[in-house]
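**Q** sequence unknown, structure follows:
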């Protein structure tokens with residue numbers, strides 16, 4: 001992945017806390033125009049759309065196409081959108097008193113830090129550019145924001161990619177060099193449609209699940225976290241340090257390439273006994289059936305119960321890329337599973353994923369039972385690891401924290417019967433629950449013997 005050069009930010013709900021003034025304005029507009037009543041929550045869901053597009057989404061019953069298409073229908077529809085927009089803007093100017101809109105926590109210091117790093121900061125909003133630039137000035141961001149683009153500056157607003165593409169063209173940047181940050185599915189869809197990287201924030205107007213479903217690579221709870229991990233990582237430095245520490249590493253661009261590299265290694269090593277450890281990234285490669293077919297003996301060490309909803313929300317994966325079950329991960333008894341895990345320690349090749357990678361060239365895992373950690377450290381003659389570049393963190397401490405706060409809570413959701421605090425809160429509580437999955441911590445700063453572990457690094461966000 002290329003280093004991020006430009007960040008394209010949403011304003012409402014991402015930078016500026018405008019939700020109260022927007023909802024109050026929308027409710028006053030509805031009353032003045034004698035439109036059907038709507039709840040505050042229904043109004044909140046409109047944030048991210050342009051004012052002209054809001055009436056059709058907020059009042060679908062008023063926009064049902066008649067049995068025969070007519071110019072009169074489209075005329076009424078346009079008139080409602082226009083009157084709604086004009087009324088909203090007039091009332092908003094009355095409600096938008098000094099101090100009514102503030103910046104969310106950590107926005108200003110984070111923007112200053114990013115600016116110091118040479119990253120171009122811009123805003124793409126569904127509000128008009130005049131209002132947007134006024135907020136930038138009033139909230140003390142004029143020296144930080146290099147460019148703003150509003151709904152009135154484009155023909156096609158969010159979720160169309162035009163605002164992003166127009167911004168990239170101005171600064172001669174590629175989509176792969178851009179990060180779009182927003183709080184609604186419309187922001188994320190705009191970024192995805194443009195081919196840019198995306199990050200959602202949970203404190204605004206959308207939900208974590210909505211943004212993940214829209215394709216967000218990451219969703220964070222604090223604006224200060226938008227550049228942690230994937231977007232600040234140095235892949236070249238990471239690979240260099242891993243190789244310096246005795247790991248074999250190869251970087252590939254696609255899941256298909258990673259699939260082929262696993263098979264190539266299998267054919268090269270010619271192992272008699274092969275085992276595979278639980279890994280969402282490994283499942284995304286759809287390679288285990290082929291591994292089983294090519295192996296004289298294959299040991300199943302985990303049971304693949306991945307519900308379709310979870311598989312579909314895995315970062316940069318689709319429901320079709322993460323199989324619900326295959327012959328290599330079919331249901332077997334618990335007793336047999338444990339025996340296979342014990343026997344896997346004597347396998348010729350063990351294949352699994354890695355929870356975290358730090359730029360200093362070390363690898364990190366958290367396990368419930370420890371069977372993966374045991375096999376990675378000692379026993380199997382060779383180990384193949386697969387991981388997306390989203391697993392890279394600046395330091396070992398950041399890698400462990402990422403696993404605890406991001407990977408582990410999401411992993412618990414794969415097991416609906418597990419009752420842990422993080423299953424409900426989405427955050428690690430360092431619990432003592434019987435179903436706790438964070439029991440074994442492994443950090444591997446060196447590979448011994450040299451070359452025993454072969455890491456296939458995929459330049460995509462994969463797994464957890």
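**A** Alright, I've got the coordinates. Keep in mind that what you see is a predicted model, and the values were worked out from it rather than measured.
**Q** model confidence for residue 89, exactly?
**A** At residue 89, the model reports a pLDDT of 89.
**Q** three-state assignment of it?
**A** helix (DSSP: H, G, I helix; E, B strand; the rest coil).
**Q** make sure it is actually in contact with residue 51.
**A** Yes: the pair formed by residue 89 and residue 51 meets the contact definition of CB atoms under 8 Å, at 7.4 Å. For glycine as for every other residue, the C-beta is placed from the backbone atoms N, C-alpha and C.
**Q** show me which of the two is the more surrounded one.
**A** Set side by side, residue 89 and residue 51 show more neighbours around residue 51, with 23 against 16, by other CB atoms under 10 Å.
**Q** how about the more buried one, secondary structure?
**A** coil.
**Q** how about it: what's its closest non-neighbour residue?
**A** residue 85 (4.1 Å; CB to CB, 6 or more residues apart in numbering).
**Q** repeat that for residue 58.
**A** Residue 58 sits nearest to residue 46 (CB to CB, 6+ apart), 5.5 Å away.
**Q** residues near the one you found, how many?
**A** So residue 46, with other CB under 10 Å, has 22 neighbours.
**Q** against residue 446, how distant is it?
**A** 54 Å (CB to CB, to the nearest Å).
**Q** tell me what the helix or strand hosting the residue nearest to residue 51 is packed against?
**A** Here residue 85, judged by DSSP states H and E, is contained in helix 71-95. Secondary-structure packing of helix 71-95 (3 or more CB pairs under 8 Å, 6 or more residues apart in numbering; DSSP states H and E): helix 19-32, helix 54-58.
**Q** helix 19-32 and that one, what's the angle between them?
**A** Interaxial angle, helix 71-95 versus helix 19-32 (axes from the mean of the first three to the mean of the last three CA atoms, to 10 degrees): 130 degrees.
**Q** any idea how far helix 71-95 is from the chain center?
**A** With CA atoms, centre = their mean, to the nearest Å as the basis, helix 71-95 stands 36 Å off its chain's centre.
**Q** likewise for stretch 187-203?
**A** With CA atoms, centre = their mean, you get 9 Å for stretch 187-203.
**Q** please apply the same query to stretch 236-246.
**A** Counting by CA atoms, centre = their mean, stretch 236-246 comes out at 26 Å from the chain centroid.
**Q** how about stretch 336-347?
**A** 34 Å.
**Q** repeat for stretch 160-180
**A** For stretch 160-180, the distance to the chain centre is 19 Å (CA atoms, centre = their mean).
**Q** next: stretch 281-294.
**A** Distance, centroid of stretch 281-294 to centroid of chain: 24 Å (CA atoms, centre = their mean).
**Q** follow-up on the earlier one: mind putting the helices and strands packed on helix 71-95 into JSON lines with mean pLDDT and mean neighbour count?
**A** What follows is those, written out as JSON lines (pLDDT from 0 to 100; neighbours: other CB atoms under 10 Å):
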{"stretch": "helix 19-32", "mean pLDDT": "91", "mean neighbour count": "18"}
{"stretch": "helix 54-58", "mean pLDDT": "88", "mean neighbour count": "19"}
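**Q** residue 221 and residue 389, how far apart?
**A** 22 Å.
**Q** which SSE is immediately downstream of the worst-scoring helix or strand of the chain on mean pLDDT?
**A** Among the helices and strands of the chain, helix 308-313 carries the lowest confidence by mean pLDDT, DSSP states H and E, at a mean of 34. Note on helix 308-313: by DSSP H and E, the next helix or strand toward the C-terminus is helix 334-344.
**Q** what helices or strands is that next one leaning on?
**A** Counting by 3+ CB pairs under 8 Å, 6+ apart, helix 334-344 packs on strand 273-276, strand 297-300, helix 371-377.
**Q** what about the residue lying closest to residue 417 once chain neighbours are set aside, how many residues nearby?
**A** Closest residue to residue 417 apart from its sequence neighbours, by CB to CB, 6+ apart: residue 435 at 7.8 Å. Residue 435 has 13 neighbouring residues, counting by other CB under 10 Å.
**Q** show the contacting residues for residue 435.
**A** 412, 415, 417-420 (CB atoms under 8 Å, 6 or more residues apart in numbering).
**Q** hang on, the earlier thing: residue 221 and residue 389 - which one has more neighbours?
**A** Shown here are residue 221 and residue 389; by other CB under 10 Å, residue 389 has more neighbours (19 against 13).
**Q** quick check: the more buried one touching residue 457?
**A** Yes: under the criterion of CB under 8 Å, residue 389 makes contact with residue 457 at 6.3 Å.
**Q** any shared contact partners between those two?
**A** residue 235.
**Q** so which of the helices and strands packed on helix 334-344 is nearest residue 364?
**A** Among these, the nearest to residue 364 by CB to CB is helix 371-377 (10.2 Å).
**Q** now do the closest one: which elements does it pack against?
**A** Helix 371-377 packs on helix 334-344, strand 349-353, strand 362-367, strand 382-388, strand 440-444, going by 3+ CB pairs under 8 Å, 6+ apart.
**Q** one more time with 10 Å, if that's ok
**A** On a contact count with 3 or more CB pairs under 10 Å, 6 or more residues apart in numbering; DSSP states H and E, helix 371-377 meets strand 273-276, helix 334-344, strand 349-353, strand 362-367, strand 382-388, strand 440-444.
**Q** quick one, what contacts the closest residue to residue 139 other than its chain neighbours?
**A** Distances taken as CB to CB, 6+ apart put residue 103 closest to residue 139, at 5.5 Å, once the chain neighbours are dropped. Residue 103 makes contact with 15-17, 111, 135, 139-141, 223, according to CB atoms under 10 Å, 6 or more residues apart in numbering.
**Q** any chance of those in a markdown table, with distance to residue 25 too?
**A** Shown next, in a markdown table, are those (distance: CB to CB, whole Å):
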| residue | distance to residue 25 |
| --- | --- |
| 15 | 18 |
| 16 | 14 |
| 17 | 14 |
| 111 | 26 |
| 135 | 15 |
| 139 | 18 |
| 140 | 24 |
| 141 | 22 |
| 223 | 24 |
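**Q** any of those buried? List them.
**A** Burial by neighbour count, judged by 16 or more other CB atoms under 10 Å, picks out 15-17, 111, 135, 139, 141, 223 from these.
**Q** out of those residues, the closest to residue 396 would be?
**A** residue 223 (24.8 Å).
**Q** much appreciated, bye for now.
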